Structure formats: structure tokens, C-alpha cells
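*Asks:* Please work out how this folds:
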Amino acid sequence: MLRGVTTPRVRGPICFIGDVHGCTDKLKRLWDKLPGVVGGMEAFEKLNIVFLGDYCDKGPDTRGTLDFVSSLEQNFPEQNHFFLAGNHDFAFSCFLGLLGQHSQLDLSPTWRQKYASRVKGEKLYDGPGYEKMHLQGLRYATSSRSIFNSESTFESYGVPYGDRVALLEAIPEEHKKFFNNLQWILEMKSNVGDIIAVHAGLENDSDKIATQIESLRNRESHYLMKPFIEPLCGRANVERMPQQLMAPVLKKRGVLPPPLFLISGHHGFIRIDGRRIILDSCAGRADKDMSALVLKREGNSKSHHALSNEQGLAIQVFSSRLSF
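*Replies:* Next up is the predicted model:
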């Protein structure tokens, strides 16, 4: 956590939900299991829930997923909901101009300049509205099959693939509002410890970690000028815990500092490596289950300021798998 920054402080269990990718049926099965996982309806109704991003593409029902997540605050008003942007959501937002205060920026420098060999050979979108679009928006609806598997998103809204004008007309205002307000990073304090959640992870650059977090927190315009926002779309370069976030020095008064967790989705697997957690098992595939994780303190351990940082800490992973 950065000094001088006010971060949300929550109480009770925290549930993290991995990439959804338009699999509304799996999301609802996962949701229905939550009361049993967190200890009953009373705890469920006041639960802290963090979505790790990627609501659209790949799976069959992006529209249904957006109906579900955009209505949670109204349907469960006592819960705390936090919604992170994934790389698919960012590309979708760039394609449609749903970038909040930055929606009118000219983001064409991300591709008018030499952007990278990583997209060599892709037939970028060149239809209406492309002139000022971010590179990832151009990649969202290419003239051939999209790298984002976005065809299913167009289908869920009942419009032809690549038709930007029709898609903008078909999307409800609540869905547009949802994408405009997505966070790029979440910093949170809790009785479990300090938490940073970001879709893919943080780059291991000890000299710039604070700047990186601040730029993500504020969704800064200069960060939008990057062709690739690595904390949203990176792979091996953001998979591990950055050195600067590891094992803070003990405070002089002898009180153990809070543990710091870095939690992401995106990578297509589940891994709990100390305090670095990756949670993504579905990837929009029909044959894969969606996963969630609950962090909480058990027994008499009310806080991380205990004899041991790990005392009473419980990490529970569960999936959307049907029970027989």
C-alpha cells in the first residue's frame, strides 16, 4: 500500500471471482453456492465481493453476464462489490469508446507508431470510429477472427460481427455505465491483511512499482497511450509477486506488519503461491468450471495483528461444478 493513499477498509470474508467470459450459467451456480461457503445468508448478504475482470467474449452469453453483474448493487445493497477491468473488457471499452473521462481521447498513437511485432499479421478493424481508437480496440473486431474471441459478444447482443454502430445501439445504458466505471486496480485493507487485486498482475520493476500502481488507480491518460497495458494483459512478466511487495520490514515497535496479497485472474490456471494468488479456471470454455476464492479469518483471530500473520487465515477455493 502506498503512503498517503486512502484505501477501502472492509470487514469479514472477501470473495474473489475469476474470469467469467459470458458464462452466465456458471456464474449463477457459483453465486448460489456462496451462502454455504461463507457461513449462511447473514454473512452472504454483507459479503465483500471482488470480480477479477473479463466479463465478455469467448462464452455464449456476454449480455446475460452484464445483466447479472450490473444489477448486483441494486439486488444486494448491503454487499460491497468491486469490479476490475480485464484485458477483454478494456478492448471492448476501447472499441465502443466506454473509457469514462478518457472516452474522447485520440488514442491512435498506440498504433500509428510502430506498436509491436506481437500483433504482426492481424487484420485490424478499420470501420466507423477507428481513427482515434486504441490499438486493443482495433484488435477487438478484426476483419478476420478476433484474437479476443469477441464474435460471441456480438451474437449475444443480436448484431453482426464487427458492426460497431449496431452494437452501440444494442447495448443497454446500464452496461455502458458498468464498463465506463471499471477499476484497473483495487487496493483494500481488511482483517485478512492488505490486498492488491489487478486482472493480470504487476510488472516486477522495483523502481517504478509505486508509479505503476498509482497510474492504474487513477486510470491515467498517459497509461492509455501504451499499446499494451501489461497489468491487464501481460503473461510471464506479471505472473510473480514483485520483489518490492514481498515481506515488509518489521516495524520498530515489534508489531508484525499486515500480510500483502496480490490477486489476479487472466492466466488460465489456479495457483496459490504464498501471497500471490492467480484465480482463472474457466476461460469461457464449456468443459471448464468457473472458480472463486474466499479469504477470511477463523476462530478468535480477529485481525492480522496476532502472534502470527497466518494465524486463523483460511483460503477456500470452490467452483461452479454441479453437485450430484
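
*Asks:* got a list of what Phe95 touches?
*Replies:* Residues in contact with Phe95 (C-beta atoms under 8 Å, 6 or more residues apart in numbering) are Tyr125, Met133, Gly137, Leu138, Tyr140, Ala141, Arg164. For every residue, glycine as well, the C-beta is placed using N, CA and C.

*Asks:* Mind checking what secondary structure it has?
*Replies:* When classified by DSSP: H, G, I helix; E, B strand; the rest coil, Phe95 comes out as helix.

*Asks:* Mind pulling the model confidence for it?
*Replies:* At Phe95, the pLDDT value in this model is 98.

*Asks:* For Lys26, which residues are in contact?
*Replies:* Counting by C-beta under 8 Å, 6+ apart, Lys26 touches Val20, Cys282, Asp289, Met290, Ser320.

*Asks:* which of these tops the neighbour count?
*Replies:* Highest neighbour count within these, by other C-beta atoms under 10 Å: Val20, with 31 neighbours.

*Asks:* which residues does that residue contact?
*Replies:* By C-beta under 8 Å, 6+ apart, the contact set of Val20 is Lys26, Leu27, Phe51, Asp54, Tyr55, Gly59, Thr65, Val69, Cys282, Met290.

*Asks:* what's the distance between it and Leu27?
*Replies:* Val20 sits at a distance of 5 Å from Leu27 (criterion: C-beta to C-beta, to the nearest Å).

*Asks:* any common contacting residues for these two?
*Replies:* Thr65, Met290.

*Asks:* which non-adjacent residue is nearest Leu216?
*Replies:* Counting by C-beta to C-beta, 6 or more residues apart in numbering, Ile185 is the residue found nearest to Leu216 once chain neighbours are left out, at 3.9 Å.

*Asks:* Sketch out the low-pLDDT regions of the stretch 101-250 of the chain for me.
*Replies:* Scanning the stretch 101-250 of the chain for pLDDT under 70 picks out the ranges 114-117, 206, 247-250.

*Asks:* Ramachandran coordinates for Gln101?
*Replies:* The phi and psi values for Gln101, taken as degrees, to the nearest 10, are phi -70, psi -10.
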